[in-house]
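Q: Structure here, sequence nowhere to be found:
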């Protein structure tokens, strides 16, 4: 079987489903397919908690949303993309409302908004604290209405088929049966999400292994701004489960071991009993996570078996606010930490949460490779620059998912049929996978051993603070891990639901992504947003007000180039919070 | 399985478990469920019993007396006691089900399910008291 | 407390065996370890061939449902210490065909779901430019509970009706139909009713109630179905008694 479609989505999360619907609505004649390694409602969008930003209040403006996003990004985002984003975000969120998303409401029935970190006005739409869950299920259920959308659930894409600088489809494994098939398409949209699993301690689900980034990178598309990894300031120790920023937006405090609101020592404003926008606990995530590191150095954190922690204090909010606005926070704390935030302090520490970088795309999600688009966390448009603001990523999935869908639909309507050369490529890939299954004889190492070592290397070399030394050492260690991976073992030879094979393919993707992160970080000799170099502590606009682009050389090594940032109306300035 | 889209043609050998004949002994909830299903037999028995009584009444005093004698025989009493227990089980299930099936609102506020159930129990007690009064007090 | 616990895991390797077998693994009894952590320990350290699904490990993606000591559970939210000293029996979810080991085939639900039209149905779409449909917190509260379904399939595994008759629509699908029926923005309840008054719909349910008991998200599908039955009965009665125009 070789299936053929006009538009093929890889990934069925927020961006993927939004894109699929956009294609179906733009041109119902087109055949759309969603290939996903999990059932779409398992996608990681489901874990997003706090909310989705979009200007709707009377006293809010698009320019203010744009400025918050740009200053939050430490001026590394493209301002034309941000302007398009803030413009279309409210429209997309309203569309989701029309599709049934259970947004939390004001007493008069209008959509409610809440404050969020780094945002100067209240503009974050929310569905209690399960916003991503409700968005994903709304999109999934709505997508069922479109007969033209064909799904390949639990198919794992292993390769993009490329001929003459154009993408013509994919090779994918059906997990249930193990059969390997080529699925050709006139356009492919990557919506595979992020790569948090490259690190040992992350909020990201097990499936977030950078597959799409690696697919694009190997196919010849560059990865952009890969050195920018977001640490969320409040993850539960041991599990890394996210405690949403909404907990602080509703009035939660961060306390060190002395019960002191330590953020006041880091130029983030003065403590006020009530939440103040763009101040203290409502500062941006990069600055809050960095403040935590300084507290550790000062010995003002509490040591636990799972590393140093500070406390999130929600007690003063009371049971009523917590149960209506933050029910999931309470549920998670009770179940996974055995504490009740109504009465007790919640132990938290910074945790890898989001990848600002990703596949380089333009404002319509198009990558430099013909026929290849990307949207959502896998892509870097960029609206997030050096630091993403909380609640911008969900609307990003919608706005750029829809844009990529529309652009791809147009491209597909004009594109010709895939050339026969791609069949030969698909055959090669099939043989490679068959060999992987057959030849990984015993004697090597376990996938999991190499994976945990890689994660440790990344934390040690490319954590919240980095340096030339740590990064260079990390690069060497990653190269060794690549070598070891080549002869790693596969216990499982079955074709039926072989999760060890997928773990191996995922590890390959993660090793690619890890390398691009370390190499980009090594070359950026400045500190900006989430990229903090102890040896270059200042921002250097003269040299680095530019996106890094990592290309893959034919021999597998990296080549880093720079691309100027697009600026429209907001020249680089100081990031001011709390004053 | 409803429908067989193309992609399941390639499925490997699935293992389909059969439910054991004794599945309903595995869990208390399942057992109660089966007993409740069984209760329909006893509800039917009470209907038959009631019809027999009606017929006896219609046929005159002698017949009615014979019916009463028969109803007092030990085995009929035992059957009726068992039937009563099953009917109680049936009734309680219905009372517990009602608040789930009906959402009652008073001035915009949802009335808690326990209150809906409680009001039914109260109604039950009042009705039973009335019947007892009819039989004992007014008799 | 002992420092390890035994997992008795059901294995089924369709290429090698025609029936499931049980394999035992000893895993560390960590203080915060879930059953899923135990399975991952097996996968990473002992036996790479064990297959199971998991993803978010925070009880929201719905991937890791299995039968733990006879009860359908999300394994990320079932903790080893609660089963100490063990052993802990881990089996695939009941009532579904087993693909391999702990992985079951849920395509049946996926195919049934669209038939109840789980999306907003309206006679007339209002353009997005005219803003949101107003919905008060009370109106939201009417259906919110039913919107919490994560499709984890525990309710199907607990439902003997589904086990005996796989044609039955099942708890989650009916609860999701009800979620849209009760949404003030929706106008599709009539169309959904036509599907659900079929024998395989609501009337298949005999109110065992286990779906609600095992639901990890407090959805109460059993309640949704009983409520639906009342609506269906009322509607049917109306269609007999009232002239067409008055319904």
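A: Okay, I see it. These numbers come from a predicted model, not from an experiment. Numbering: from 1, shown residues only, chains lettered A, B, ... in the order given.
Q: who's in contact with the residue lying closest to residue C:28 once chain neighbours are set aside?
A: Leaving aside its sequence neighbours, residue C:28 sits nearest to residue C:4 (C-beta to C-beta, 6 or more residues apart in numbering or on different chains; 5.6 Å). Just so you know, the C-beta spots here come from the backbone N, C-alpha and C atoms, and that holds for glycine as well. Residue C:4 makes contacts with C:26-29, as judged by C-beta atoms under 8 Å, 6 or more residues apart in numbering or on different chains.
Q: can you give me phi and psi for residue C:4?
A: The phi/psi pair for residue C:4 (degrees, to the nearest 10) reads phi -140, psi 160.
Q: Sort out which one of the contacts of residue C:4 lies nearest residue A:289 for me.
A: Residue A:289 has its nearest neighbour among the contacts of residue C:4 in residue C:28, at 30.4 Å by C-beta to C-beta.
Q: In this structure the closest one contacts residue C:41, no?
A: Yes. Using C-beta atoms under 8 Å, residue C:28 makes contact with residue C:41 at a distance of 6.7 Å.
Q: who has more neighbours, these two?
A: Each of residue C:28 and residue C:41 has its neighbours counted (other C-beta atoms under 10 Å in any protein chain shown); residue C:41 has more, 18 against 14.
Q: To which secondary structure element is that one assigned?
A: Using DSSP states H and E, residue C:41 sits in helix C:35-41.
Q: right, and the helix or strand after that helix?
A: Counting by DSSP H and E, the element after helix C:35-41 in chain order, helix or strand, is strand C:65-68.
Q: tell me the mean pLDDT over that following strand?
A: Per-region confidence: strand C:65-68 scores 98 on mean pLDDT.
Q: The following helix or strand past it pairs with which strands, parallel or anti?
A: Downstream of strand C:65-68, the first helix or strand assigned by DSSP H and E is strand C:71-74. Strand C:71-74 sits in its sheet next to strand C:65-68 (antiparallel), going by DSSP bridges.
Q: Flag every residue of the stretch 201-350 of chain A that's near chain C.
A: Proximity of the stretch 201-350 of chain A to chain C is confined to A:205-207, A:238-239, A:241-242, A:328, A:331-332, A:335-337 under the rule C-beta under 8 Å from any C-beta of the partner chain.
Q: Restricted to strands, list those.
A: Judged by DSSP state E, strands contain none of these.
Q: Out of those residues, name the ones that lie in helices.
A: Judged by DSSP state H, those include A:328, A:331-332 as members of helices.
Q: ranking the residues you listed by neighbours, who comes first?
A: The most crowded member of these, judged by other C-beta under 10 Å, is residue A:332 (25 neighbours).
Q: ok, so what distance separates it from chain B?
A: 26 Å (C-beta to the nearest C-beta, to the nearest Å).
Q: and that residue, how far is that from residue A:47?
A: For residue A:332, the distance to residue A:47 equals 11 Å [C-beta to C-beta, to the nearest Å].
Q: Now do the shared contacts for these two.
A: Common neighbours of residue A:332 and residue A:47 (C-beta under 8 Å, 6+ apart) are residue C:58.
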